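A.B. asks: whatever this is, show me its structure:
(one chain, ligands or ions: 1)
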Amino acid sequence: MRRPFIAGNWKLHKTTAEAVTLVKALEAGLADVTDRDIVVAPVFTVLTSVSSALGDSNIAVAAQNCFPEMQGAYTGEVSPLLLKDAGCRYVIVGHSERRQLFGETDGFINRKLKAVVDTGLTAIFCVGETLEEREQGRTFEVLEKQLRGGLENLLRDAMARVVVAYEPVWAIGTGKTASAAQAQQAHAFIRDLLSRLYDADLACRIRIVYGGSVKPDNVDGLLSQQDIDGALVGGASLKAEDFIRIVRFLPS
Ligand SMILES: O=C[C@H](O)COP(=O)(O)O
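C.D. replies: Below you'll find the model as predicted:
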């Protein structure tokens, strides 16, 4: 049985004061939840404040990005080591916004994944097709390319520190959620590919979460699917009430 994993990606939102207010509300509303992993991913500048505010609560902190080197002449970048120092346990890697807006390639994402797991952090590794790719019938081809590229030379043991997030680009921030059946089909494909890249035991254990317009009113259906182990939530994670309801999903 895979432990559910729900993460809120705050993207470029929330000042320090707003972030601390939000996590305090989440902490109060989720204190009794012990059977699932709960994660928030604020912007870099508020990571330390959020980590301190959460202390040893049941909510962990993720960064939204990192650079694949630990130190050096890399102006403006942040390493996994420094993210760990700031209280992070997770790092989002390969988000479609970084692929599309910042030109991140599978090779660069692969370097980040290795740096994250080598630091003892867990990577939330995002993959997903665009609308054009889906309409061309290339969804599985794109997922396979992103997964093979991102995971190249990543050893089986390191995969214990990877959560895969399937995020169809056409469903991100658009209000267009993939249907539960569409999402399940992609998740099953990803699990099967992981079984071929590693083995069935690993594929059975790894968590594959869905992202793309997850809301309180669609989370239960999505997370009732056999291969959907959680959610990576954008917009709806900015409001305590909505994120609490999403974390408290009720699978049928
Ligand atoms: O990382 C989160 C995803 O990009 C989903 O964002 P969204 O829930 O606002 O569609």
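A.B. asks: which residues are contacting the strand or helix carrying Ala28?
C.D. replies: Under the criterion of DSSP states H and E, Ala28 resides in helix 16-30. Here helix 16-30 makes contact (C-beta atoms under 8 Å, 6 or more residues apart in numbering) with 10, 14, 38, 40, 42, 45-46, 49-50, 53-54, 57-59, 238, 240-241, 243-244, 247-248. In short, each C-beta sits where N, CA and C put it, glycine included.
A.B. asks: before we move on, what about stretch 105-119?
C.D. replies: Under C-beta under 8 Å, 6+ apart, the answer for stretch 105-119 is 66-70, 79-81, 83-84, 91, 93-94, 99, 122-123, 125, 145-146, 148-154, 158, 161-162.
A.B. asks: now do stretch 66-81
C.D. replies: 44, 63, 65, 83, 91, 93, 108, 111-112, 114-116, 118-119, 121.
A.B. asks: just stretch 191-209 next, same as before
C.D. replies: Applying C-beta under 8 Å, 6+ apart, the external contacts of stretch 191-209 come out as 2-3, 5-7, 124, 143-144, 147-148, 151, 156, 159, 162-166, 187, 190, 227-232.
A.B. asks: wait, does it contact the ligand?
C.D. replies: No - for a cut-off given as C-beta under 6 Å from any ligand atom, stretch 191-209 has no contacts with the ligand; the smallest distance is 9.9 Å.
A.B. asks: what comes up buried for stretch 221-233?
C.D. replies: By neighbour count on 16 or more other C-beta atoms under 10 Å, the buried set for stretch 221-233 is 221-223, 225, 227-233.
A.B. asks: show me the contacts for the residue in the chain that the ligand sits nearest to.
C.D. replies: Nearest residue of the chain to the ligand (C-beta to the nearest ligand atom) works out as Gly234 at 2.2 Å. When the contact criterion is C-beta under 8 Å, 6+ apart, the partners of Gly234 are 8-9, 11, 172-173, 211, 213-214.
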